[in-house]
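In: Need a 3D model of the sequence below.
(one chain, ligands or ions: 1)
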Amino acid sequence: MNESLVKSRAFINGQWVKTDKRFRVDDPFSQELIVEVSDCGEKEAHAAIDAAHAAFQSWSKTTAQERSNKLLAWYDLIIKNLDDLAEILTTEQGKPLKEAKGEIQYGANYIKWFAEEALRVDGDIIPSPDGNQQIHVIKKPVGVVGIITPWNFPQAMIARKVAPALAAGCTVVIKPAAETPLSALAMAELAQQAGIPDGVINLVPTSEASVIGEALTSSFKVRKISFTGSTKVGKILMSQAAENVQRVTMELGGNAPFIVFEDADIDSAVDGIMASKFRNSGQTCVCANRVFIHESIYHEIVDKLVNKVEALQTGSGLEDDVSITPLINQAGIDKVKRLVQSAKDGGAKVLIGGELSDKHNQIFEPTIMTDVQFDMDIACEEIFGPVLSLIPFSSEESVVEQANATKAGLAAYVYTDDRHRIKRLSEQIESGMIGFNEGIISNHMAPFGGVKESGMGREGSKYGISDYLDIKYLCIN
Ligand code: ADP
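Out: Down below sits the predicted model:
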């Protein structure tokens with residue numbers, strides 16, 4: 001591992017700041033300590049907010065071209081260090097190295113994209129009802145942004161927020177997940193090398209998330225909170241952000257339905273299910289949580305899935321050909337075990353897997369469960385583990401109703417060969433994103449985000465920068 005990218009201190013106003021308290025960051029595979037990291041509290045949070053606020057005064061006045069150039073320099077350094085960043089990511093998070101490399105590239109793509117979008121923050125001139133007036137619309141950066149990210153994509157979730165924020169002229173204070181602060185800190189190091197000025201990016205790792213959350217939401221200097229994580233914590237942050245009327249972008253939990261109709265291309269549907277479900281060992285908010293299969297093709301698909309799942313290798317993310325790696329922590333394991341057990345108690349069957357790996361006590365065997373009912377806990381909560389839960393269905397009407405019977409609405413997947421059905425379901429499925437005949441849908445050019453309790457705001461695409469901009473109307477006589 002490139003030690004110069006393994007940082008263990010907070011990053012505030014361009015300085016690597018040591019704190020008295022530290023917390024452990026462990027490798028989920030070896031379960032050994034990687035490094036102890038500065039444990040920030042209120043004091044460091046406020047220092048970071050002050051630094052971001054001071055830096056905002058100058059960064060927001062730079063030209064879009066200057067900001068774009070800095071973001072592109074950052075992108076270049078990330079690509080140059082891609083292999084090292086991926087190794088750090090796998091070591092702290094566990095995912096297979098190939099996926100970690102994919103994540104670094106995916107995150108970097110947002111940085112390049114928003115470097116380009118920085119140049120396209122256009123205003124408007126609108127005709128006025130009064131002949132003497134002109135209505136001008138300009139866009140201004142919202143100010144300091146508090147960013148809170150989860151452990152499942154420790155690099156990309158940060159890139160996806162920081163890039164549009166900086167492109168718009170905002171400055172940021174980032175609180176990464178305690179399980180995975182090292183990818184974030186390495187990104188800060190490269191941002192500094194790229195010439196992004198002191199104070200524009202600040203990073204406060206902590207073992208006490210709520211302390212930093214409260215500092216960010218209670219400060220009037222912070223004008224926006226951008227959060228990716230659970231719906232439960234999203235609700236807490238939204239209510240806290242209300243006090244200072246901070247804008248919010250919320251990317252919250254999902255409960256993705258994956259529906260395979262009788263007219264689908266079966267092999268492509270099976271590949272789609274495998275890709276959507278087992279990436280990151282099932283620890284993604286867009287992964288297939290409930291797989292609805294038309295009863296006429298149910299057994300055929302189940303047989304094909306069993307063959308594919310049997311071939312999945314478990315082990316360390318650093319080994320070749322391994323695709324199922326440890327879950328992030330014991331709480332993750334406990335949740336998967338509970339959901340599998342309660343589904344079994346309700347009559348569902350385990351066809352394959354269903355247990356912890358006998359090789360490793362934090363790897364859950366890739367699992368297929370059949371005869372799952374749509375209202376069992378396993379189909380109502382995010383599993384966040386490598387468990388396929390299969391539900392047969394008989395009609396389009398009933399499956400749409402069951403797919404929508406959730407408060408979540410992030411991603412959905414539909415496999416069908418019927419273009420009329422695609423048109424109908426585009427309208428009927430309550431979800432921010434739908435993959436038709438596609439199991440992997442996220443990229444920097446598309447708007448990522450959810451409806452209902454899956455959140456608000458969109459990341460990526462031409463829409464992603466607007467969350468970091470205020471509209472200002474000028475009436476000119
Ligand atoms: P997950 O279940 O994926 O860990 P969480 O919503 O618990 O999802 O965590 C996502 C991020 O939110 C992490 O960075 C975590 O530390 C942070 N977090 C958790 N609780 C709070 C809180 N009360 N205030 C601010 N951030 C929090």
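
In: Domains in this protein, by residue range?
Out: 3-252+453-476, 256-443 (automatic domain parsing).

In: Any chance of these in CSV with mean neighbour count as columns?
Out: C-betas here are computed from N, CA, C, even on glycine. Below are these laid out as CSV (neighbours: other CB atoms under 10 Å):
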stretch, mean neighbour count
domain 3-252+453-476, 20
domain 256-443, 19
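
In: With mean pLDDT as extra columns, can I get those in CSV?
Out: Below are those laid out as CSV (pLDDT from 0 to 100):
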stretch, mean pLDDT
domain 3-252+453-476, 98
domain 256-443, 97
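
In: closest one to the ligand among those?
Out: Of all the domains of the chain, it is domain 3-252+453-476 that lies closest to the ligand, at 2.5 Å by CB to the nearest ligand atom.

In: Determine if any part of that closest one is in contact with the ligand.
Out: Yes. If you take CB under 6 Å from any ligand atom as the test, domain 3-252+453-476 does meet the ligand, through 148-150, 175, 177-178, 209-210, 213, 229-230, 233, 236-237.

In: In helices, which of these appear?
Out: Among those, the members found in helices (DSSP state H) are 209, 210, 213, 233, 236, 237.

In: What segments of the stretch 151-300 of the chain are strands?
Out: 171-175, 201-203, 222-228, 247-251, 256-260, 288-294 (DSSP state E, counting those that start in this stretch).

In: what's the residue most central in space within the chain in contact with, if anything?
Out: The centroid of the chain falls nearest to residue 157 when counting by CA atoms, centre = their mean (4.8 Å). Contacts for residue 157 (CB atoms under 8 Å, 6 or more residues apart in numbering) come out as 107, 149, 150, 228, 251.

In: Adding distance to residue 266, write these out as JSON lines.
Out: Putting the contacts of residue 157 into JSON lines (distance: CB to CB, whole Å) gives the following:
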{"residue": "107", "distance to residue 266": "34"}
{"residue": "149", "distance to residue 266": "37"}
{"residue": "150", "distance to residue 266": "34"}
{"residue": "228", "distance to residue 266": "34"}
{"residue": "251", "distance to residue 266": "32"}
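
In: nearest to residue 319, of the ones in helices among the residues of domain 3-252+453-476 next to the ligand?
Out: For these, the minimum distance to residue 319 (CB to CB) is 31.8 Å, reached by residue 209.

In: list the contacts for that closest one?
Out: Residue 209 neighbours (CB under 8 Å, 6+ apart): 148, 175, 178, 233.

In: So the second one sits against residue 212, correct?
Out: Translated: residue 175. Yes. Residue 175 is within contact range of residue 212, at 4.6 Å (criterion: CB atoms under 8 Å).

In: Which neighbours do those two have in common?
Out: 148, 204, 206.

In: Which strands and helices lie in contact with the longest helix along the chain?
Out: The helix that spans the most residues within the chain, counting by DSSP H, is helix 97-117. Contact here means 3 or more CB pairs under 8 Å, 6 or more residues apart in numbering; DSSP states H and E; on that basis helix 97-117 packs against helix 64-80, helix 82-93, helix 156-168.

In: mind listing what the helix or strand following it pairs with, with the direction of each?
Out: Per DSSP states H and E, the first helix or strand lying C-terminal to helix 97-117 is strand 124-126. Partners of strand 124-126 in the sheet, by DSSP bridges, are strand 134-141 (antiparallel).

In: Take the partner strand, keep the C-alpha atoms, and write them as CSV.
Out: C-alpha atoms of strand 134-141 as CSV (Å, rounded to 0.1, in the frame of the first residue of the first chain):
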residue,chain,number,x,y,z
GLN,A,134,-35.9,43.1,-17.3
ILE,A,135,-36.0,39.9,-15.2
HIS,A,136,-32.5,38.5,-14.9
VAL,A,137,-31.8,35.2,-13.2
ILE,A,138,-28.3,34.4,-11.9
LYS,A,139,-27.1,31.4,-9.9
LYS,A,140,-25.0,31.7,-6.7
PRO,A,141,-23.3,28.9,-4.7
